[in-house]
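In: Here is a sequence with its predicted model. Questions after.
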Amino acid sequence: QVQLVESGGGLVQAGGSLTLSCAASGRTFSSKAMGWFRQAPGKEREFVAATYWSGGSTTYADSVKGRFTISRDNAENTVYLQMNSLKPEDTAVYYCATRSRFGPPTTYQYDYAYWGQGTQVTVSS
C-alpha cells in the first residue's frame with residue numbers, strides 16, 4: 001500500500017517561511033519522480049515543483065522559482081519543500097504526489113499516480 005503523508009503547513013505572515021515534508025512509505029520510489037502541487041480555493045490545482053525522490057533535476061513553477069527549494073532525506077524517503085518569502089497568493093492546500101512508473105518529473109498532475117492528503121498553507125498579509 002502506497003502512502004504519502006504531508007506535514008508542515010500552517011499560518012505564516014507574508015515574508016515568512018515554512019518547510020513542508022512529504023514522507024513516502026509502502027514502496028521504493030528512489031528512481032521515480034515526485035511533485036508538489038497546490039490548490040487555492042476556487043482555483044485549479046497547479047504545479048509547484050518536481051524532482052526525483054533520489055535526487056537529480058528539479059523543476060519549479062515560475063511563480064515560486066527563487067523562493068521555494070526542494071531537498072530530500074533519502075534514508076527517510078522524505079522530500080521537503082522549503083518555502084521562503086511567502087506571499088498571500090501562496091495560500092493553498094499543498095499536495096505531494098509520486099509517479100508510479102519511470103519517467104521524468106513533469107508539471108502535469110495526471111502523470112502522478114499517488115497523492116497525499118494535503119496540508120494547508122495560509123499566508124496572511
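Out: Yep, that arrived. Numbers count the residues shown, from 1 in each chain.
In: Excluding chain neighbours, what is closest to the residue nearest in space to the middle of the chain?
Out: Nearest to the geometric centre of the chain sits W36, at 2.5 Å (Cα atoms, centre = their mean). Sequence neighbours aside, V48 is the residue nearest to W36 in space, at 4.2 Å (criterion: Cβ to Cβ, 6 or more residues apart in numbering). Where you see a C-beta, it was placed from the backbone N, CA and C, and this is true even at glycine.
In: Centre of the chain to the helix or strand hosting that neighbour, how far?
Out: Using DSSP states H and E, the element containing V48 is strand 46-52. Between the mean C-alpha location of strand 46-52 and the chain-wide mean there is a distance of 6 Å, by Cα atoms, centre = their mean, to the nearest Å.
In: Give me the residues contacting whatever helix or strand comes next after that strand.
Out: Following strand 46-52 in sequence order, the next helix or strand is strand 59-60 (DSSP H and E). If you take Cβ atoms under 8 Å, 6 or more residues apart in numbering as the criterion, strand 59-60 is touched by 48-51, 68, 105-107.
In: In ChimeraX, how would I select the buried members of the residues you listed?
Out: This is how ChimeraX selects the buried members of the contacts of strand 59-60, with burial counted by 16 or more other Cβ atoms under 10 Å:
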select :48,49,50,51,68,105
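In: Determine which two of the contacts of strand 59-60 are furthest apart.
Out: F68 and T106 (17.1 Å; Cβ to Cβ).
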